[in-house]
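Engineer: Okay, here's the prediction I keep looking at, along with the sequence it came from:
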Amino acid sequence: MTALFAAMGAARRPNQDRPQCETTTLGDLLYANKAKAPVSEKEWVGLVQSIAEGDQLALQALYTQTHRMVFTLIVRITNNRETAEELTVDVFHDVWRRAPAYEPAGGSVVGWIMNQARSRAIDRVRFEQRKKRVNNHADSPLTPTAPSGPQEALDVSEQGRLLRHALQVLTPEERQAIEAAFFSELTYCEVATRLKQPLGTVKTRIRSGLGKLRQALAGTSKGL
């Protein structure tokens, strides 16, 4: 089974040399060979049912007919071809594992596969966004560090008191956005969704709030 997925991953690479202007509509991806008749839903379901029974050839057949549109969707979401190549193989590994649970009444086979591809891609994008946000704010005064001794523990406690005091300079909206972004570890898009506010508004509140916090913390430290 591992060898089969390795072969699938290798099979993706030749297609990467295709011209970027090539038409990549869903119809073209599904029916690239116009001489062949469209695959019926009954045939799609038959492939998934064979996969559920452990038929590796059925998985390879499904991969051959659908991997291009899976790759295209993922690369459009992640904007990264190497990531898309990796996740495309992951999607078909999921198909192999989840085939026994597939129910035709729940939707088409292609829709089922594409939902898994979309979910994989969005999860990767969110992971990368969180990683960048953590790295970008590694030196922020909001980033806590573990104390290494009694004196440092006192310093951390004092910093916490100063931070709580500084938070009072924020408007309720700024404080709500910053707490969601930094303390709840949400992306800006997730903050906007939670607060039911436009993304631009959330970014503006976080930017203005951080500016106020830095000024407040700088002014407090000078007075010590």
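Structural biologist: Received, thanks. On a predicted model such as this, the values are computed, not experimentally measured, just so you know.
Engineer: Now do the buried residues in the longest helix along the chain.
Structural biologist: Secondary structure of the chain per DSSP state H: the longest helix is helix 109-136. Going by neighbour count (16 or more other Cβ atoms under 10 Å), the buried part of helix 109-136 is 109-110, 112-114, 116-117, 120-121, 124-125, 133. (Each C-beta comes from the backbone N, C-alpha and C, glycine too.)
Engineer: Between those, which has the least confident prediction?
Structural biologist: Within the set of the buried residues of helix 109-136, pLDDT is lowest for residue 133 (71).
Engineer: Could you report the distance from it to residue 181?
Structural biologist: 8 Å (Cβ to Cβ, to the nearest Å).
Engineer: Now tell me which helix or strand of this structure has the poorest mean pLDDT.
Structural biologist: Ranked by mean pLDDT, DSSP states H and E, the weakest helix or strand in the chain is helix 26-30, scoring a mean of 44.
Engineer: Can you give me the end-to-end span of stretch 70-87?
Structural biologist: The first and last residues of stretch 70-87 sit 9 Å apart, counting by Cα to Cα, to the nearest Å.
Engineer: So which of the buried residues of helix 109-136 is the closest to residue 167?
Structural biologist: residue 133 (19.6 Å; Cβ to Cβ).
Engineer: tell me the contacts of the closest one?
Structural biologist: Contacts for residue 133 (Cβ atoms under 8 Å, 6 or more residues apart in numbering) come out as 181, 187.
Engineer: again with residue 95
Structural biologist: By Cβ under 8 Å, 6+ apart, the contact set of residue 95 is 48, 51, 59, 62, 113, 116.
Engineer: quick one on the thing from earlier: residues shared between the contacts of residue 133 and residue 181?
Structural biologist: In contact with both residue 133 and residue 181: residue 187, using Cβ under 8 Å, 6+ apart.
Engineer: Include distance to residue 211 when you put the buried residues of helix 109-136 into CSV, please.
Structural biologist: Shown next, in CSV, are these (distance: Cβ to Cβ, whole Å):
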residue, distance to residue 211
109, 52
110, 49
112, 47
113, 46
114, 43
116, 42
117, 40
120, 37
121, 34
124, 32
125, 28
133, 17
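Engineer: now, which of those residues sits nearest residue 189?
Structural biologist: Once Cβ to Cβ is applied, the member of these that ends up nearest residue 189 is residue 125, at 9.6 Å.
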